[in-house]
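Visitor: quick one, fold the following:
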Amino acid sequence: MMDGIERLSQENKCNKNEVGGILEQAESVARGVLESIQAIARTTTCKGVQIAQLNKWASEHDLWITTDRLGSYEDRGSENEVYLSSDSNVVYKLNDFRYSDDNLEPFFERIKAHNLYFPDCAYTLIGFSQNANGACCAVLQQPYIISNREANESEIAEELERLGFHSQMDGEYYTNGTHDIFDASPNNVLVGIDGNLYFIDTIIYRASVSNIDIYHSQSPKYSK
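Guide: This is a model prediction of the structure:
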């Protein structure tokens, strides 16, 4: 409760956002590459080829966006270059596909899962661009969240439990048996001026016991 405003769980808002058409089209392009390479070479390792094909596809369909159209550069995270729009309440994130190992299926899975669980800060894929390092990136649009502060760990745990996720490895990640949510740390979860929690930048994987090695390698709590 904040100033008489009841805090609403994301649980009450799940399934309200549709995935954008560009995301589905891009996923189809990437899947076509994966299926072709699987048939020919019997391997799922095709991330570089998928990115090259998406680059070409974006250029052919007027979906290539130069960063000067995105607003002011704000920050660089582990996978995203962030821009703040100058004329609307949105941020743009240039995602370099870093957390997709050998093909882009985890990227598309992650965006759809994020939008399912956290619809109030859903991503919309609007095109592709090149980041400061020259890498081809997906351009993700997300609502700009006006916040009072970062959420604390107990608030994050309570909200994820409400959504059906259970803490693993002392809060290192949360799982509902279908997806694992990693990196739900205070700097990635904001408390909005309405008192609601906004999970603006977590990492989501399809649940698997093999993910534990990934969490160990990416977490600052563990040495590589």
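Visitor: quick check: phi and psi at the residue lying closest to Q38 once chain neighbours are set aside.
Guide: Excluding the flanking residues, the one nearest Q38 by CB to CB, 6 or more residues apart in numbering is T44, at 6.3 Å. C-betas here are computed from N, CA, C, even on glycine. Dihedral pair for T44: phi -100, psi 0, per degrees, to the nearest 10.
Visitor: how many residues are close by T44?
Guide: Applying other CB atoms under 10 Å, we find 14 residues neighbouring T44.
Visitor: hmm, it is touching S100, no?
Guide: No. With contact defined as CB atoms under 8 Å, T44 does not count as touching S100 (11.0 Å).
Visitor: which residues touch V82?
Guide: Y73, E74, D75, R76, V91, Y92, K93, L94 (CB atoms under 8 Å, 6 or more residues apart in numbering).
Visitor: at 7 Å what do you get?
Guide: E74, D75, V91, K93 (CB atoms under 7 Å, 6 or more residues apart in numbering).
Visitor: any idea which of those is closest to F108?
Guide: K93 (15.2 Å; CB to CB).
Visitor: A helix includes that closest one, no?
Guide: No. With DSSP: H, G, I helix; E, B strand; the rest coil as the criterion, K93 is strand rather than part of a helix.
Visitor: so how far is stretch 122-139 from its chain's centroid?
Guide: In terms of CA atoms, centre = their mean, to the nearest Å, the centre of stretch 122-139 is found 12 Å from the chain centre.
Visitor: return the set of buried residues in that stretch.
Guide: For stretch 122-139, burial by neighbour count (16 or more other CB atoms under 10 Å) applies to 122-131, 136-139.
Visitor: can you list contacts of it?
Guide: Contact partners of stretch 122-139, identified using CB under 7 Å, 6+ apart, comprise 17, 20, 22-23, 26, 51, 54-55, 58, 63-67, 81, 92, 94-96, 111, 114-115, 140-142.
Visitor: give me the average confidence score over that stretch.
Guide: The average pLDDT within stretch 122-139 is 96.
Visitor: thanks a lot, catch you later.
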